[in-house]
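1. What follows is a predicted protein model with its sequence.
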Amino acid sequence: VTATLIDGNALAAGLKLKLADEVAASSKHGRPPSLAAVLIGEEPAAAAYARSQARHAAGVGMEYRLCRLPAECDMTAAAEAIARLNSDAAVDGIMLHLPLPAQLDTFSLQQAVAPRKDVEGIGAANLGLLLMGRDALVPCTAAAAFACLQATGVHLAGREAVVVGRSVIVGKPLAILLLASHATVTQCHTRTRDLAAHTRRAEILCVAAGVPELIGADHVSPGTIVIDVGMHRVSGTGPDGTQQLRTAGDVQLEAVLPVAGAITPVPGGVGPVTVTMLLANTVKAWRQSLRLG
Ligand code: NAP
């Protein structure tokens, strides 16, 4: 018996079809949704991510605007760029590519995005609304992990859920989403004593620790649903015996497959759903700005 693979690519494709339909149906009420991405500097990974975002946005009929600023720009220039997008009625969503050059204060710039355009869901207003169980723009990675979990059809009320990681963008909002669905939630972190004792109790195990292959078979009980948020490039030995880079998660996929009930593979699990959640948040912000409900 091996775990069911939760297919993030298929889930993302289905969600994008729904978004494209929604955009096509509602665009008659006005302009199409528009996502503005701020890219400061020449970080190659961020530039590649921006190109991929532009393709995904076009795929659902969304406009995508890349606002580039030079690597040497100061806080005033960066804050002004965000302020201009905040007051631009043709922009629904704003996201900030990371990492920022060292002279810039990431937290301040993220918090400078207007709450109604905060499609990354990481501003204090949206996180506060999420905490209070109100309608909010939810952080994309946490929303993606939760969507992967929901795709299994599991009924969450009363389940033992364990989240490994407590970051603001993944671990904490994911725990809140689970709690809002009436799971009993344990949150683990670097000060947790005996991590495996906690993870073995989990019926739902969500891992966002940022440590390659932290979770092995000994951490997982039979039948557990495992959501692996981790994303790493690690070196390993290829079929021809040479050292090669491969993509790995925070979970040892091969080791956990025979134990878990279902698992998100890496690659092909949470990752492809995350960018879709950015599009979904932008469509939501657009509908709210057009007062489409
Ligand atoms: P992060 O900010 O580094 O947070 C990691 C969290 O895990 C921290 O709360 C840390 O605890 C905890 N942790 C670290 N080592 C641990 C250990 N040995 N045992 C228990 N807890 C441990 O990372 P993040 O931004 O949340 O991202 C987590 C992972 O998701 C990364 O691999 C990242 O690449 C990936 N990611 C994927 C996507 C996607 O779309 N799939 C998007 C974003 C991030 P402390 O708080 O005590 O330090």
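-> Looks like it came in fine.
2. His29: how many residues sit nearby?
-> By other CB atoms under 10 Å, the residues close to His29 number 10. From N, CA and C alone the C-beta is placed, and that goes for glycine too.
3. Tell me who's in contact with the closest residue to it other than its chain neighbours.
-> Spatial nearest neighbour of His29, excluding adjacent residues (CB to CB, 6 or more residues apart in numbering): Leu290 at 5.7 Å. Residues in contact with Leu290 (CB atoms under 8 Å, 6 or more residues apart in numbering) are 26, 29-30.
4. Excluding covalently adjacent residues, which one is nearest to His97?
-> In space, His97 is closest to Ala46, 4.1 Å off (CB to CB, 6+ apart).
5. Could you check how far the one you found is from the ligand?
-> Ala46 is 13 Å from the ligand, where distance means CB to the nearest ligand atom, to the nearest Å.
6. related to what we said a few turns ago, for the residue nearest to His29, give me phi and psi.
-> Main-chain dihedrals, Leu290, degrees, to the nearest 10: phi -90, psi 0.
7. Does the lowest-mean-pLDDT helix or strand in the chain pack against any helices or strands, and if so which?
-> Lowest by mean pLDDT, DSSP states H and E among the helices and strands of the chain is strand 232-237, with a mean of 91. Where contact means 3 or more CB pairs under 8 Å, 6 or more residues apart in numbering; DSSP states H and E, strand 232-237 is packed against strand 243-248.
8. Can you list the neighbours in contact with the strand it packs on?
-> By CB under 8 Å, 6+ apart, the residues outside strand 243-248 that reach it are 212-213, 230-238, 266-267.
9. where does it sit relative to the chain's centre, distance-wise?
-> With CA atoms, centre = their mean, to the nearest Å as the basis, strand 243-248 stands 22 Å off its chain's centre.
10. begin at 500 from here
-> Yes, from this point I'll number from 500; that puts the last item at strand 742-747.
11. tell me which element the residue nearest to His596 falls in.
-> helix 543-558 (DSSP states H and E).
12. so how many other residues sit close to Thr736?
-> 10.
13. Revised request: answer the last question for Val684.
-> Residues lying near Val684 (other CB under 10 Å) number 22.
14. can you check Thr605 too?
-> Burial measure for Thr605: 11 neighbouring residues, criterion other CB under 10 Å.
15. I'd guessed it sits against His596; true?
-> No. The pair Thr605 and His596 fails to qualify as a contact (CB atoms under 8 Å) at a distance of 10.8 Å.
16. How much space separates Leu584 from Ser526?
-> Using CB to CB, to the nearest Å, Leu584 is found at 21 Å from Ser526.
17. Those two: which is more packed in?
-> Remark: of Leu584 and Ser526, Leu584 carries more neighbours, 22 against 15, as counted by other CB under 10 Å.
18. can you give me phi and psi for the more buried one?
-> phi -70, psi -40.
19. Let's see the pLDDT reported for it.
-> Looking at Leu584, its pLDDT is 98.
20. on that earlier part again, need the overlap of contacts for Thr605 and His596.
-> The contact sets of Thr605 and His596 do not overlap (CB under 8 Å, 6+ apart).
21. Pull the residues that contact stretch 571-580.
-> Outside stretch 571-580, the residues within contact range by CB under 8 Å, 6+ apart are 537, 539, 566, 568, 599-600, 602-604, 607-608, 611.
22. so what's the nearest residue to Leu597 once chain neighbours are set aside up against?
-> Distance criterion CB to CB, 6+ apart; nearest residue to Leu597, sequence neighbours excluded, is Thr605 at 6.6 Å. The contact partners of Thr605, by CB under 8 Å, 6+ apart, come to 595, 597-599.
23. Next, name the residue at the spatial heart of the protein.
-> Thr640 (1.4 Å; CA atoms, centre = their mean).
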